[in-house]
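Asks: quick check, what structure comes out for this input:
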Amino acid sequence: MRSLFNRNFLRPFDWLAVLSFFMCGQALAEGQTSPLPNPAMDQPAAKISVQQSAVFAGGCFWGMQAVFQHVKGVVSATSGYAGGSGDSAKYEQVSSGTTGHAESVKVVYDPSKVSYGQLLKVFFSAAHNPTQLNRQGPDTGTQYRSEIFATNPEQKKIAETYISQLSAARIYPGKIVTRVSSLPAFFPAEDYHQNYATLHPNNPYIVINDRPKVDHLKAQFPELYRQAE
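Replies: Residues are numbered from 1 along each chain as shown. A predicted model of the protein is given here:
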């Protein structure tokens, strides 16, 4: 379910809707009360470039993909679905909120250049607001939930430890609602969803909701930011 209207379409001169979208887009930066600390637990620095993968869900996958595509050390970011079965991994079905899927992004990264803990910092600070339950900005439903799908037991432990660390530090004014689970499977989304923010930079939804996330990444993590290839 979309609040106000479909994210693919912005009614002309609907200024109330524009204001609402703008406020949702800015809520990400305003939610934090202080910069995020480094994870107390992280993967050891890799000396050999053996690619690993991580899967994150936090609202519309357009913005999530756009953010991680700008992170140094990320080889690829793919929009898709996680949490449900393969036969229901289709956009129309997932949008019903009844499939168990969440719009997600699979991040393939080089651990010699960026750690899993650093990806978590990006996820919790720039990619989405982890205090919004079953929604993100203007998009509502369980398919927009905040969830980390760990690809191995080490990732699961690191993610759970970091959430406890952030909660204890009271980084956010609200409770972190992010779930951590083991990844059952990841299903890439339809081709027209891939690289959507890059291919449609002037789409009002992208301008208001997703471009601020990339700007936030650049401002908060200049050492990790790169121009998307």
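Asks: only C-alpha atoms from now on, for both contacts and neighbour counts.
Replies: OK.
Asks: counting neighbours, what do you get for Gly84?
Replies: Look at Gly84: counted by other CA atoms under 10 Å, it has 18 neighbours.
Asks: pretty sure it is touching Glu103, no?
Replies: No - under the criterion of CA atoms under 8 Å, Gly84 makes no contact with Glu103, lying 10.6 Å away.
Asks: just for this structure, where's the confidence low?
Replies: For the chain, applying pLDDT under 70 flags the ranges 1-33, 229.
Asks: run through the strands of it in chain order.
Replies: For the chain, applying DSSP state E gives strands covering 52-58, 74-82, 102-109, 135-136, 139-140, 146-150, 179-182, 186-188.
Asks: can you redo those as TSV with mean neighbour count and distance to Gln194?
Replies: Output for those, formatted as TSV (neighbours: other CA atoms under 10 Å; distance: least, CA to CA, whole Å):
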stretch	mean neighbour count	distance to Gln194
strand 52-58	23	15
strand 74-82	25	6
strand 102-109	27	10
strand 135-136	24	19
strand 139-140	20	18
strand 146-150	25	20
strand 179-182	16	24
strand 186-188	21	9
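Asks: need those in a markdown table (columns: distance to Asp215).
Replies: Shown next, in a markdown table, are the strands of the chain (distance: least, CA to CA, whole Å):
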| stretch | distance to Asp215 |
| --- | --- |
| strand 52-58 | 17 |
| strand 74-82 | 17 |
| strand 102-109 | 19 |
| strand 135-136 | 18 |
| strand 139-140 | 20 |
| strand 146-150 | 21 |
| strand 179-182 | 26 |
| strand 186-188 | 26 |
